[in-house]
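Chemist: Just a sequence and a predicted model for now, questions to come.
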Amino acid sequence: MLYDCTFKVLAKRCVLDPFTDDLECQKLILEAMKYHLLPERRTLMQSPRTKPRKSTVGTLYAVGGMDNNKGLLWFYDLRTNIWIQAGVMNGRRLQFGVAVIDDKLFVIGGRDGLKTLNTVECYNPKTKAWTVLPPMSTHRHGLGVTVLEGLYSIGGRDGSSCLSSMEYYDPHTNKWNMCAPMCKRRGGVGVATCDGFLYAVGGGYDGQTYLNTMEAYDPQTNEWTQVIIKSLFF
């Protein structure tokens, strides 16, 4: 966008860069300079270059949640600034996990408003179709989900208590396998991957006690270890 290009940068680059010899480039540079030097006239200088443009590969989706409608999927169109309905899941769900593998959207577990789910489904944006996948071994809502050479479903609640268990989905075999459990039970856990390790942060322990601890999982050894946090984050 034009506001990312300051006058100081323009002035410096216009003197030094060889692209100033190109007539079309000169026109764009002058347009940007006028836009920044004459803020009172910006309403008269609107063009496609002064509006937000798609700068990343991918799409922003909003999935499910609490509503009277059945499991809707929406995506945001940056060019028109509107949300567009993309599809409908096979059932309503909230407090579920979402992840992306091979440009496909995976929706895992959650609640349907009455019971905790172990169901899994996958959305393919190219075909605009949902596919039901094998269910997890454990019903989970408020779970953590992340991708590390496959899909991990971590912790959460089964409807009555917090969980420490973790399952791994292999997209090549289309199967779930149980992994080593975490050191602590964590409902509503935050999860992330970094340098080949999986990290679980915080979460609820028994529905009333909340944790400020973190642990790390090594997929090579199938082991969890406590991580000592020497900071003031919590």
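Modeler: Done, it's in.
Chemist: quick one: contacts for the residue nearest the centre of the chain?
Modeler: Central residue of the chain (C-alpha atoms, centre = their mean): residue 99, 6.8 Å from the mean position. With C-beta atoms under 8 Å, 6 or more residues apart in numbering as the criterion, the residues that contact residue 99 are 105-106, 108, 145-147, 151. All C-beta spots, glycine's among them, are computed from the backbone N, C-alpha and C.
Chemist: residues of stretch 198-211 that come out buried?
Modeler: Of the residues in stretch 198-211, those scored as buried under the neighbour-count criterion (16 or more other C-beta atoms under 10 Å) are 198-205, 211.
Chemist: which regions of this protein lie under the pLDDT threshold?
Modeler: Scanning the chain for pLDDT under 70 picks out 1-20, 52-57, 68-69, 206-207, 230-234.
Chemist: Spell out the residue ranges of the helices in it.
Modeler: For the chain, the helices identified by DSSP state H occupy 7-16, 23-37, in order along the chain.
Chemist: so how far is residue 106 from the residue nearest to the centre of the chain?
Modeler: The span separating residue 99 from residue 106 equals 5 Å under the rule C-beta to C-beta, to the nearest Å.
Chemist: Look up the residues that both of the two are in contact with.
Modeler: With contacts defined as C-beta under 8 Å, 6+ apart, the residues adjacent to both residue 99 and residue 106 are 145, 151.
Chemist: Reformat the contacts of residue 99 as TSV; add distance to residue 43 and neighbour count.
Modeler: Listed next are these as TSV, based on distance: C-beta to C-beta, whole Å; neighbours: other C-beta atoms under 10 Å:
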residue	distance to residue 43	neighbour count
105	39	21
106	45	23
108	47	27
145	45	21
146	45	18
147	45	15
151	48	23
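Chemist: per-domain residue ranges of the chain.
Modeler: Under the assignment the TED database, the domains of the chain span 1-44, 91-227.
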